[in-house]
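Student: when you get a sec, could you give me coordinates for this:
(2 chains)
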There are 2 protein chains.
Amino acid sequence: MTFKTDIEIAREARKLPIQEIGGRLGIPAQDLLPYGHDKAKVGQDFIRSLAGRPQGKLILVTAINPTPAGEGKTTTTVGLGDGLNRIGRKTAICIREASLGPCFGMKGGAAGGGYAQVVPMEDMNLHFTGDFHAITSAHNLLAAMIDNHIYWGNALEIDTRRITWRRVMDMNDRALRDVVVGLGGVPNGFTRQTGFDITVASEVMAVLCLAADLDDLRHRLGNIVIGYRRDRGPVTCRDIGADGAMTVLLKDAMQPNLVQTLEHTPAFVHGGPFANIAHGCNSVIATRTALALADFVVTEAGFGADLGAEKFFDIKCRKAGLAPAAAVVVATVRALKMNGGVARADLGRENVSAVAEGCVNLGRHITNVRAFGVPVVVAINHFASDTAAEIAAVKDYVAQVGAEAILCRHWAEGSAGIVELAERVAALAEAGTAAFAPLYPDDMPLFDKIETIARKIYHADGVIADAALRDQLRAWEAAGHGHLPVCMAKTQYSFSADPNLRGAPEGHSIPLRELRLSAGAGFVVAICGEIMSMPGLPRQPAAEAIMLNDLGQIEGLF
Amino acid sequence: MTFKTDIEIAREARKLPIQEIGGRLGIPAQDLLPYGHDKAKVGQDFIRSLAGRPQGKLILVTAINPTPAGEGKTTTTVGLGDGLNRIGRKTAICIREASLGPCFGMKGGAAGGGYAQVVPMEDMNLHFTGDFHAITSAHNLLAAMIDNHIYWGNALEIDTRRITWRRVMDMNDRALRDVVVGLGGVPNGFTRQTGFDITVASEVMAVLCLAADLDDLRHRLGNIVIGYRRDRGPVTCRDIGADGAMTVLLKDAMQPNLVQTLEHTPAFVHGGPFANIAHGCNSVIATRTALALADFVVTEAGFGADLGAEKFFDIKCRKAGLAPAAAVVVATVRALKMNGGVARADLGRENVSAVAEGCVNLGRHITNVRAFGVPVVVAINHFASDTAAEIAAVKDYVAQVGAEAILCRHWAEGSAGIVELAERVAALAEAGTAAFAPLYPDDMPLFDKIETIARKIYHADGVIADAALRDQLRAWEAAGHGHLPVCMAKTQYSFSADPNLRGAPEGHSIPLRELRLSAGAGFVVAICGEIMSMPGLPRQPAAEAIMLNDLGQIEGLF
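Tutor: Numbers count the residues shown, from 1 in each chain, chains lettered A, B, ... in the order given. As a prediction, the model looks like this:
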């Protein structure tokens, strides 16, 4: 049996004109700004006109801790959206945009897979509608204006050693991580050490994804702290005078992008903040727009549920006033096997006991998500190598913890393979049993918020932190930032801070290494481990094989 | 009397749907890739289908040496296009895209002015259709792959001291001119000194503007020399393996953009290479597309005719096989006054003798353009402060050198104000008197090419160059680059290398300071003076005043 590749399936897709997709949601053609014939941005005026409309039901797709075996979170998000439409629920999906840089490193897109894909996948993995380029420009304009302010006399008395605002590029370029700028003498300004992050790590990205509208966007951009004076007083983007021009640069990028799945389900693909130093969800404006236009909205959050779902609930839902109706935890037999100790090379062989053992990881995620008051169903994303006994082991385990695991074949069959999950999700959501509440209140002290997440979600004994870090948190509380939620930055591979600790570890502690204030985005980043905010390219970058073939089609990108 | 500002006029424009503009040129709607409702890219398949079509007449708009008084080259290009349409000639215009970075420094757009504008001007001065972002990405992908190649073992044995490929950003950011990258130890690679240029200075920009199609684009990208080995052998982009992926990144950017003037003349706005270290013209693919679709195509070239027209003729026309039918040299009474020695503050007062004296600058440009076998007419771009006597002085002077100067009021009146020029241009072009030939043959030695330009166009006594520079030219000739044309980089304010020498200087010499090989674009850059390839922001950047107003309109950008 041979399978078609994702790109082969995508190329065969019969896309509808984007105006027709918008029409399914009641968006008039004149309110869609087309980008080619298969992509469009939804106009700001139309979005404003949606205020007060009844809201659809929000479904979160999350997953067990990721392993190299693959879980298929985006694929399941797409499949579930198609499935809900198939069973008569008017559904849209909301996912993140892909980062350009990593496409040239390792192969792999971000538009789902098999018969559960969003198209046009080539565009989504390249420039798409230019949002990330706009974010890069806005970020770097602020950087240029900071150095320019210093060059012309530094009236704000910025301490050039304490500038925290770096530059960004949507590229995997390790040589830019740590740089010295302003060499070459007087005409080039003051020499100082700084660096570049990848664009998705920009606070501007997180701001865009959390802003309610253009006014809120400008307000949040203005709040960004770019560095400190010698007296340690903060200097903001507003002090530099860059917030207005950055808003202008981001005007179009704030409009959600509309595309479609292979089965013509409307898909909002908008925003893509890093899931480690930011919150890892698509934009609030896209989610709200979708909720005003569809009965069901299926969305996803980055990494496993310990990081992705927690930040989705505690940052995005809390701040945007969203209340999810149900959650799907995606697992695969292969990934559960790896959580049960099987090496990647041995994944092809049946191993029921390893599957059963790995289910503790899944079980803890189910319990965690329920702690937010959101009902859970498990999707087993089917692989051809799964055996009946292995699948039964997962179902049995999930039944023991009082939930249901449903086998889904959307990758191979599209919506026809995911009807059962769609029916169960619709029933759960329509039963109205959800009683969403974030994990901690706004007024809890910042350190206690970190510790609450560590204990309740990571099942750690506690958080280890230097006095300096605790002092920093107290200083931010004194400066009025105590109400902010915490954005955890931790390895995605384990509940603990050790990426090799699979399953459901206990008795570990979470080492707090570094703190960052994202005053514009509106959260405090708690870094627990090594966080790479500028990736490098591998020895043999994918870029070397990327090219146009004789038909003008892109080869090597996927 | 009060005038409306450019932005007020632009906001009042009644734009036609871009499909209707394309329809005027016979472009089917399905071959236009829309970007919003008022911008589109012309599809590659449609462009390929134009091969062999009869070609329209190409009109070059060039100018006297620029002064702070302003000449209005783009405004006249737009006005002449509208005027030719008004008198019944099916006409399109071809201009360059604007660079984003400088918009945040000094005010000023690049879409014409008054009632001779291209719209949507806000978009054209911001991200437009993303072409420059694509060029930035392609350029920086190559840079990342170079450092990555060295990181993983440097199999090509690149001498890290001799890497000529820098990085780019579409931003005025002086702090990036001279930087050290790769600090921070082993994981970040090898430390070396490099820098950033503004995106329009990228050789990728020049390559895109000179490439005939996507195959030619990939071929030229592959030819780019990125640096040298210890044995001084060149290392190319093809050696790095980046040409395929760069082509993929530039796939959409290679498609010309179609917009419209206020009077609905189709306008191709595509490409924007720096007019100093590159050739300063819009793309060959846009010009060729326009020539296949319209009877007349009006285009412009950067700076005054000594730089802009010479490079348009000797680089773009030579390489693309274009033969202009006529040229318009734009002058203003104000700028001629400044060439005649009047200070900017005194421009408001009538000064007929200064105008007459400044006309020597205009006269030499007329003679120079005629030397290429192209008939010339002069456009006097009218300002309200011009007096009848001053205008008469210009007309008299131009008549003495055997040409005609026509007063044009397109800024204030649109096409109605430029009918006489349009009639004269049409007559000149249709008379078929043009006999275009470049200034020097391909097989002339490189140094002789530089000297030919200096003597014949700049009226210099000669070129001063170190032996090392002459050796470099001979080395490139030995390496097979001797057939390339020369791209002069010199101050635009004078025929000489001294920006303060206005009028028509004689007896000066041109100091050759530096040489660069643009093997991908296909020219040798001869730098005669200081060339700034990364601008800085002024003390009070325009960005500080740029914002969205309460109506959601952009303020401060223009």
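Student: what secondary structure does the residue nearest to A:D243 when sequence neighbours are not counted sit in?
Tutor: Nearest residue to A:D243, sequence neighbours excluded (C-beta to C-beta, 6 or more residues apart in numbering or on different chains): A:G222, at 3.9 Å. C-beta coordinates here come from the backbone N, C-alpha and C atoms, glycine included. Put simply, A:G222 is helix when judged by DSSP: H, G, I helix; E, B strand; the rest coil.
Student: if we ignore the residues flanking it in sequence, what's nearest the residue nearest the centre of chain A?
Tutor: Nearest to the mean C-alpha position of chain A, counting by C-alpha atoms, centre = their mean, stands A:G280 at 2.6 Å. Among residues not flanking A:G280 along the chain, A:G302 sits closest, at 2.9 Å (C-beta to C-beta, 6+ apart).
Student: again, but for A:A211
Tutor: Closest to A:A211 by C-beta to C-beta, 6+ apart is A:L217, at 3.9 Å.
Student: could you do A:K311 as well?
Tutor: Going by C-beta to C-beta, 6+ apart, A:K311 has A:H279 as its nearest residue, at 4.4 Å.
Student: tally of neighbours for the one you found?
Tutor: Neighbours of A:H279 under the rule other C-beta atoms under 10 Å in any protein chain shown: 30.
Student: got a list of what it touches?
Tutor: A:206, A:209-210, A:273, A:311-312, A:315-316, A:487, A:521, A:523 (C-beta atoms under 8 Å, 6 or more residues apart in numbering or on different chains).
Student: how about the strands in the stretch 351-500 of chain A?
Tutor: A:376-381, A:405-408, A:462-464, A:486-490 (DSSP state E, counting those that start in this stretch).
Student: and chain B, which of the ones you listed is closest to it?
Tutor: strand A:486-490 (18.4 Å; C-beta to the nearest C-beta).
Student: measure A:F46 to chain B for me?
Tutor: Separation of A:F46 from chain B (C-beta to the nearest C-beta, to the nearest Å): 13 Å.
Student: burial count for that residue?
Tutor: With other C-beta under 10 Å as criterion, A:F46 counts 18.
Student: related to what we said a few turns ago, quick check on the residue nearest to A:K311: phi, psi?
Tutor: With angles defined as degrees, to the nearest 10, A:H279 sits at phi -90, psi -10.
Student: need the pLDDT of it.
Tutor: Note for A:H279: predicted pLDDT of 92.
Student: likewise A:F558?
Tutor: So, for A:F558, pLDDT stands at 70.
Student: which non-adjacent residue is nearest it?
Tutor: Nearest residue to A:F558, sequence neighbours excluded (C-beta to C-beta, 6+ apart): A:I7, at 4.6 Å.
Student: how about A:A504?
Tutor: Distances taken as C-beta to C-beta, 6+ apart place A:V360 nearest to A:A504, at 4.0 Å, with adjacent residues excluded.
Student: please report how far that neighbour lies from A:N65.
Tutor: According to C-beta to C-beta, to the nearest Å, A:V360 and A:N65 sit 11 Å apart.
Student: and A:L501, by the same measure?
Tutor: In terms of C-beta to C-beta, A:L501 sits 10 Å off from A:N65.
Student: more neighbours: which of those two?
Tutor: It is A:N65, of A:L501 and A:N65, that has more neighbours when counted by other C-beta under 10 Å, with 27 against 15.
Student: for chain B, see how far away the more buried one is.
Tutor: Relative to chain B, and taking C-beta to the nearest C-beta, A:N65 is found at 25 Å.
Student: can you tell me which residues contact that residue?
Tutor: A:303-304, A:306, A:339, A:361, A:365, A:492-495, A:502.
Student: where does A:V330 fall, phi/psi-wise?
Tutor: As for A:V330, its main-chain torsions (degrees, to the nearest 10) stand at phi -90, psi 130.
Student: touching, it and A:G79? I think so.
Tutor: No: using C-beta atoms under 8 Å, A:V330 makes no contact with A:G79, being 10.0 Å away.
Student: comparing these two, which residue is more hemmed in?
Tutor: Between A:V330 and A:G79, counted using other C-beta under 10 Å, the more crowded position is A:G79 (37 against 28).
Student: okay, now the residue lying closest to the more buried one once chain neighbours are set aside: neighbour count?
Tutor: Closest residue to A:G79 apart from its sequence neighbours, by C-beta to C-beta, 6+ apart: A:H410 at 2.8 Å. A:H410: 32 surrounding residues under other C-beta under 10 Å.
Student: could you do A:R230 as well?
Tutor: A:R230 is flanked by 11 other residues according to other C-beta under 10 Å.
Student: could I get the phi/psi values of the residue lying closest to it once chain neighbours are set aside?
Tutor: Take A:R230 and drop its neighbours on the chain: the residue closest to it by C-beta to C-beta, 6+ apart is A:D159, 4.8 Å away. Main-chain torsions, A:D159, degrees, to the nearest 10: phi -80, psi 110.
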